[in-house]
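[1] pasting the sequence and the predicted model now:
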Amino acid sequence: MSRKADIIVVGAGMAGASLAAEVAGCASVLILEAESQPGYHSTGRSAAFLSETYGGPRIQPLTTASRPFLETPPTDFSSESFLSPRGALHLADSGGESALDEMARAFGRTVQLEPWYRWELVRALPGLRDGWNLGLWEPSCADIDVARLHSAYLARSRARGARLVTDAPVVEASRVGGRWQVATPAGEFEARVLVNAAGAWADRVAVCAGQRPIGIQPYRRTIAQLRIAPPARRDLPLVIDARERFYFKPEAGGRLWLSPHDETACEACDCAADDYDVAQAIDRLERVVDWRVERVEHRWAGLRSFAVDRLPVYGFASGGAGFFWFAGQGGFGIQTAPAAAMLAASLLLETSADPLVRQIDPETYSPGRFMN
């Protein structure tokens, strides 16, 4: 295998895999993955849903633009949809009514949201306790088959000539004669452009390359799989607290996936669920519904990483050194993957953007916003 390429992509999670798939074929691509398997950290631990309200109004255009690709992918990419209908119920107690009002104002013209009252809430969510009387129904919310989407991107990148090297964390990268020399435990590699798609490790990769970090902060997010009684109905919606204290959704076999909607700042690491966070999530669930938690079958935590303004970062660093940022995609990196990769590929290759994303202003996500 040649150790030289036009582009080196650091990271083979959803971000790196999707961008490599978009640019491979137009340029030679090497993907360097720190772990022994791609998608080990954030991608493999996602709660796996698409919500056009998730991430806020400036993320919504990326999510909305991604939906046609995920719903009806090109036949050479997948023979079936990556989405399954779910619907999301944004639920409020008396203290969360203002949050629902704010959401309705923010998304009223871009995302279908329907006000629901007590009788509608109880019909969708049997066992709902008193005090939860208002909600917003988001019918477009869907489950995402994350593993199959990630595999499809890796397969497309491979089919277009991209080469994947695992167990290859970046130790050092230097710019010599207009090309990047990248040192890893798996060997040394060379490319004209270095793409930083390292997720929670993005600032660390920047420092290794002698670039200015931009403040990508990792956060831990906890999820527990519960056995409950009565068993969770398959047609339950994704339920999200308007005040961001929990969310839950049904899983196969009558199980429930539950998160306390936590964001605990941490170092980039192989994080694990904290017992307190799991207990807190269960306590919050029991204040919402009268279901009985029989046992915690599984618990895990994943990393989400944000820039200070909570927007992703797509584009070349200033200075013309061929260092490209594709990071800071928080918890919305899966649902925005197609549009993000298309938009970033047009910036990276300096070509016209795909029609799905031509109405999205890339300056919103430019790393230049941190250079002042």
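    Structure's in. What do you need? Note that the coordinates shown come from a computational prediction; the quantities given were computed from them, not determined experimentally. Numbering: from 1, shown residues only.
[2] could you list the low-confidence segments of the protein?
    1-2, 40-47, 372 (pLDDT under 70).
[3] most centrally placed residue in it?
    By Cα atoms, centre = their mean, the chain has its centre lying nearest to Gly333, at 2.3 Å.
[4] for that residue, helix, strand, or coil?
    Per DSSP: H, G, I helix; E, B strand; the rest coil, the secondary structure class of Gly333 is coil.
[5] quickly list the domain ranges of the protein.
    Structural domains annotated on the chain: 4-49+146-215+311-370, 88-139+217-306, as defined by automatic domain parsing.
[6] what's the end-to-end length of the last one?
    In other words, domain 88-139+217-306. 24 Å (Cα to Cα, to the nearest Å).
[7] same deal with the longest one?
    This stretch, domain 4-49+146-215+311-370, spans 31 Å end to end (Cα to Cα).
[8] how far away from the center of its chain is it?
    14 Å (Cα atoms, centre = their mean, to the nearest Å).
[9] coming back round to it: mind checking the domains of the chain for the one nearest to Pro68?
    Minimum separation from Pro68 across the domains of the chain (Cβ to Cβ) falls at domain 4-49+146-215+311-370, 6.5 Å. Placement of C-beta: from N, CA and C, glycine included.
[10] in the chain, which spans are helices?
    Secondary structure of the chain by DSSP state H: the helices cover 14-23, 60-71, 97-107, 118-124, 146-159, 202-208, 275-286, 337-349.
[11] which of these is buried the deepest?
    Among the helices of the chain, helix 14-23 has the highest mean neighbour count (mean count of other Cβ atoms under 10 Å), at a mean of 29.
[12] give me the angle between it and helix 60-71.
    With axes from the mean of the first three to the mean of the last three Cα atoms, to 10 degrees as the basis, helix 14-23 and helix 60-71 are set at 70 degrees to each other.
[13] give me the angle between helix 14-23 and helix 337-349.
    Using the same axes, to 10 degrees: helix 14-23 against helix 337-349 is 60 degrees.
[14] so Pro57 versus Leu100, what's the distance?
    15 Å (Cβ to Cβ, to the nearest Å).
[15] one step back: so the residue nearest to the centre of the chain touches Ala339, yeah?
    No: taking Cβ atoms under 8 Å as the definition, Gly333 is not a contact partner of Ala339, at 11.2 Å.
[16] now do the same contact list for Val313.
    By Cβ atoms under 8 Å, 6 or more residues apart in numbering, Val313 lies in contact with 202, 214, 216, 307, 325-328, 365-367, 370.
[17] so which of these is surrounded by the most neighbours?
    Among the contacts of Val313, Phe326 has the most neighbours (other Cβ atoms under 10 Å), with 32 neighbours.
[18] grab the nearest non-local neighbour of that residue.
    Among residues not flanking Phe326 along the chain, Ala197 sits closest, at 4.4 Å (Cβ to Cβ, 6 or more residues apart in numbering).
[19] what is the burial count for the one you found?
    29.
[20] related to what we said a few turns ago, for the contacts of Val313, which one is nearest Asp274?
    Ile216 (22.2 Å).
[21] highest average neighbour count across the domains of the chain?
    Comparing those by mean count of other Cβ under 10 Å gives domain 4-49+146-215+311-370 as most buried, with a mean of 21.
[22] show me what contacts Ser352?
    Contacts of Ser352 (Cβ under 8 Å, 6+ apart): 346, 358.
[23] try 6 Å this time
    Residues near Ser352 by Cβ atoms under 6 Å, 6 or more residues apart in numbering: none.
[24] can you pull up the bridge partners for the nearest residue to Asp6 once chain neighbours are set aside?
    Once flanking residues are discounted, Asp6 sits nearest to Ala27: 3.9 Å by Cβ to Cβ, 6+ apart. For Ala27, the beta-bridge partners are Ala24 (DSSP bridges).
[25] was I right to think Ala27 contacts Ala5?
    No: in this structure Ala27 lies outside contact range of Ala5 using Cβ atoms under 6 Å: 7.7 Å.
[26] what is in contact with the two at once?
    Common neighbours of Ala27 and Ala5 are not found (criterion: Cβ under 6 Å, 6+ apart).
[27] show me the contacts for Leu113.
    Contacts of Leu113 (Cβ under 6 Å, 6+ apart): 104, 136, 138.
[28] of all those, which comes closest to Leu70?
    Distances from Leu70 to these, taken by Cβ to Cβ, are shortest for Glu138, at 16.1 Å.
[29] let me know the outermost residue of the protein.
    Gly177 (35.5 Å).
[30] contact partners for that residue?
    Contacts for Gly177 (Cβ under 6 Å, 6+ apart) come out as none.
[31] any idea how far Ser28 is from it?
    Gly177 is 18 Å from Ser28, by Cβ to Cβ.
[32] just the strands in the stretch 251-372 of the chain please.
    255-259, 264-265, 292-306, 313-316, 323-327 (DSSP state E, counting those that start in this stretch).
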